[in-house]
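I'll drop the sequence and a predicted model, then ask my questions.
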Amino acid sequence: MHLIISSTKNDIIGLNGKMLWNNRSDIERYKKITLGGILIMGHTTYESLINKRLRYHYNIVLTTNKNLKEKIYKEISGETNVIFVNSVEQALEVCEEIQQKIFEAKEIRKEIFVIGGS
């Protein structure tokens with residue numbers, strides 16, 4: 001499992017759910033590193049990425065807010081690569097299930113990345 005971040009020299013990673021910069025080379029490098037992997041993120045990070053659709057990843061969104069969970073689900077209905085969980089333990093269980101059901105059939109294992117901040 002990997003933690004992937006982009007930060008300022010003062011270790012600031014974002015403000016109000018948004019990154020503080022838009023560096024194309026950073027974004028391209030992030031995509032190259034995480035492409036096809038499993039991403040674990042909180043609901044704030046996911047909400048900030050809804051319009052960007054991380055369709056080439058398996059997305060695990062950690063939230064305990066049922067209303068938010070239903071709201072987000074309605075906004076992305078039809079997407080099958082997003083799974084909502086209520087605890088870190090459940091997120092790790094889902095990672096293992098994804099690894100076993102999807103990737104082991106192809107004899108590969110995908111990297112797991114924790115993204116976002118808070």
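Ah, there it is.

so Q99 touches K110, yeah?
Yes. Between Q99 and K110 a contact is recorded at 6.9 Å, counting by C-beta atoms under 8 Å. C-betas here are computed from N, CA, C, even on glycine.

who touches both of those two?
Common contacts of Q99 and K110 (C-beta atoms under 8 Å, 6 or more residues apart in numbering): I38.

hey, where'd the strands end up in the chain?
2-3, 38-42, 58-62, 82-85, 112-114 (DSSP state E).

beta partners for L15?
Beta-bridge partners for L15, by DSSP bridges, are K18.

measure it to R29 for me?
L15 is 22 Å from R29, where distance means C-beta to C-beta, to the nearest Å.

more crowded one of those two?
R29 (13 against 8; other C-beta atoms under 10 Å).

distance of the more buried one relative to S6?
9 Å.

overlap of the contact sets of the two?
Joint contacts of R29 and S6 (C-beta under 8 Å, 6+ apart) do not exist.

return the residues in contact with the most centrally placed residue in the chain.
Central residue of the chain (C-alpha atoms, centre = their mean): L39, 3.5 Å from the mean position. L39 is in contact with 54, 57-60, 112-115, counting by C-beta under 8 Å, 6+ apart.

okay, and the beta partners of I83?
For I83, the beta-bridge partners are I60 (DSSP bridges).

so which of the contacts of L39 is the most crowded?
The residue in the contacts of L39 with the most neighbours, by other C-beta under 10 Å, is I60 (24 neighbours).
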